[in-house]
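Colleague: Got a predicted structure here, sequence first:
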Amino acid sequence: MLVTIEGIDGSGKSTLIKGLIEELSDISPVFTREPGATWIGAQVRRGIKEKIDPVAEALLFVADHAAHLDTVIRPALKDKKIVISDRYTDSRYAYQSETLKGHLKDPKKWLSDIHNDWTIIPDITFLLVLPVDESLKRIQAERTDSEHFECKSVLENVQKNYLEQSEKDPVRFVIIDASKDKDEILKFVSEIIRQKLSN
Ligand SMILES: Nc1ncnc2c1ncn2[C@@H]1O[C@H](COP(=O)(O)OP(=O)(O)O)[C@@H](O)[C@H]1O
Ligand SMILES: Cc1cn([C@H]2C[C@H](O)[C@@H](COP(=O)(O)OP(=O)(O)O)O2)c(=O)[nH]c1=O
């Protein structure tokens, strides 16, 4: 089973994942992430830092996804493992629909077409939703250097793109009010994963 955790920067994904590692230790899921589970992911981070061309950056994210499927996701699913990924394809649709604006005629169509034949759709996606001002406050509280995605206007549209995605696939998406207490979110998410497993 493939579970993905999505949301804008600062929405609480890493915190939730840290909690799930403990909460779900009895069912030993494979925890992974995008970008970064593969060596290509390391180049993606370099690309973000160096503010490379948005099309090049998008293609690096897609290449990282292809390598991630090949080296982590497919083998784990084949072993009947539960896979939980911190970010996945919905991040691409949400963020690169923004960054590719003005560079491609129809970024959303391009992003959908480029994944279509080969990506693996998650079984369930938890989307952490939070007012952008709150997420920026959380990020500023803990980080010195911010990435080019981490600004109000971009994150407002990124969150809109996420919600648009969730409306297209209401069965797969579970919307989480990320302003709730982290332990309450953790309890809710781990219970849903267990329920889904027992179905
Ligand atoms: N439910 C929550 N309520 C309040 N603060 C939170 C909550 N979840 C995470 N945080 C804090 O917000 C900041 C960003 O959380 P993080 O999990 O790193 O977000 P993300 O991985 O989505 O960028 C951290 O300082 C974290 O402690
Ligand atoms: C996976 C992915 C991430 N991103 C962005 C989201 C983040 O701002 C940045 C780095 O991701 P990440 O390391 O998850 O940062 P954070 O912990 O702040 O969420 O890359 C994309 O733009 N497209 C993608 O496909």
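Modeller: All right, it came through fine. From a predicted model like this one, the values you see are computed outputs, not experimental measurements. Numbering: from 1, shown residues only. Ligands and ions are numbered 1, 2, ... in the order given.

Colleague: Residue 171 - how many residues pack around it?
Modeller: 7 (other Cβ atoms under 10 Å). (Glycine included, C-beta is placed from N, CA and C.)

Colleague: quick one: it is in a strand?
Modeller: No - counting by DSSP: H, G, I helix; E, B strand; the rest coil, residue 171 is not part of a strand but coil.

Colleague: per-residue confidence for it?
Modeller: At residue 171, the model reports a pLDDT of 97.

Colleague: show me what contacts it?
Modeller: By Cβ atoms under 8 Å, 6 or more residues apart in numbering, the contact list for residue 171 is empty.

Colleague: ok, it to residue 66 distance?
Modeller: 26 Å (Cβ to Cβ, to the nearest Å).

Colleague: what's in contact with stretch 101-118?
Modeller: Stretch 101-118 is contacted from outside by 53-55, 58, 62, 65-66, 69, 89, 92-93, 96-97, 100, using Cβ under 8 Å, 6+ apart.

Colleague: One more: stretch 130-138?
Modeller: Residues from elsewhere that reach stretch 130-138 (Cβ under 8 Å, 6+ apart): 7-12, 150, 152, 155-156, 159, 177-179.

Colleague: in which helix or strand would I find residue 128?
Modeller: According to DSSP states H and E, residue 128 maps onto strand 124-129.

Colleague: Buried residues, that strand. List them.
Modeller: Neighbour counts using 16 or more other Cβ atoms under 10 Å place 124, 125, 126, 127, 128, 129 of strand 124-129 among the buried residues.

Colleague: Taking this structure, what residue is nearest to ligand 2?
Modeller: Residue nearest to ligand 2 within the chain: residue 95 (3.1 Å; Cβ to the nearest ligand atom).

Colleague: for that residue, what are its contacts?
Modeller: When contacts are counted by Cβ under 8 Å, 6+ apart, residue 95 touches 149, 154, 158, 161.
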